[in-house]
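Trainee: quick one: sequence plus predicted model below, questions after.
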Amino acid sequence: MSNFPKKTLEFIQKHLLRQQKEVEKNLKLVTEDDPAKSPALVESSEPGTDSYIAETHGKSIVLGKKLTDAKTSIKVALQKIKNGTYGKCENCGKQIEIGRLLAMPTAQYCVACSKKNFGK
Ligand SMILES: [Zn+2]
């Protein structure tokens, strides 16, 4: 981590902490918005209610999963900053480009590995 400017790392850490708060807030909103969590609506047998619940519930699940994933990667990134392993590519172990980390602080792979693994 010697090639990581302390200021940059602090900046990224602050950014991640802000993001973490935002994600947690949204996650709460999504969970509260889910009509499947409301017993009155679920028990109702009105025509069309089921599909409304299913659709909205489905959206909440997808969004909730995305937010949970984001929460996990933020947590992992913050843990790495603490451990001093932040910014290392999970695949090749090389230093991830600082510009990439600034654009995507939760990046776990360098540009080359990311292209190799996901850039299809
Ligand atoms: Zn790599």
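Mentor: Yep, that arrived.

Trainee: so A36 makes contact with E55?
Mentor: No: counting by Cβ atoms under 8 Å, A36 does not reach E55; the two are 10.5 Å apart. Quick note: C-beta positions are derived from backbone N, CA and C, even for glycine.

Trainee: compare these two and say which is more crowded by neighbours.
Mentor: Between A36 and E55, A36 has the larger neighbour count (other Cβ atoms under 10 Å), namely 14 against 11.

Trainee: and the lowest mean pLDDT element among the helices and strands of the chain?
Mentor: Using mean pLDDT, DSSP states H and E, helix 39-43 stands out as the lowest-scoring helix or strand of the chain, at a mean of 61.

Trainee: which ones are touching Q20?
Mentor: By Cβ atoms under 8 Å, 6 or more residues apart in numbering, the contact list for Q20 reads 71, 74-75, 78.

Trainee: in terms of helices and strands, where is it?
Mentor: Taking DSSP states H and E as the definition, one finds Q20 inside helix 6-33.

Trainee: contacts for stretch 92-107, please.
Mentor: Contacts of stretch 92-107 (Cβ under 8 Å, 6+ apart): 3-4, 8, 11-12, 15-16, 19, 70, 73-74, 76-77, 87-89, 109-114.

Trainee: of those, keep whichever come out buried.
Mentor: 4, 12, 16, 19, 70, 73-74, 77, 87-89, 109-110, 113-114 (16 or more other Cβ atoms under 10 Å).

Trainee: these: which ones sit near the ion?
Mentor: 89, 110, 113 (Cβ under 5 Å from the ion).

Trainee: what does this protein have sitting close to the ion?
Mentor: Neighbours of the ion within the chain, by Cβ under 5 Å from the ion: 89, 91-92, 110, 113.

Trainee: who are the packing partners of the longest helix along the chain?
Mentor: Longest helix in the chain by number of residues (criterion: DSSP state H): helix 49-83. Applying 3 or more Cβ pairs under 8 Å, 6 or more residues apart in numbering; DSSP states H and E, one finds that helix 49-83 contacts helix 6-33, helix 39-43.
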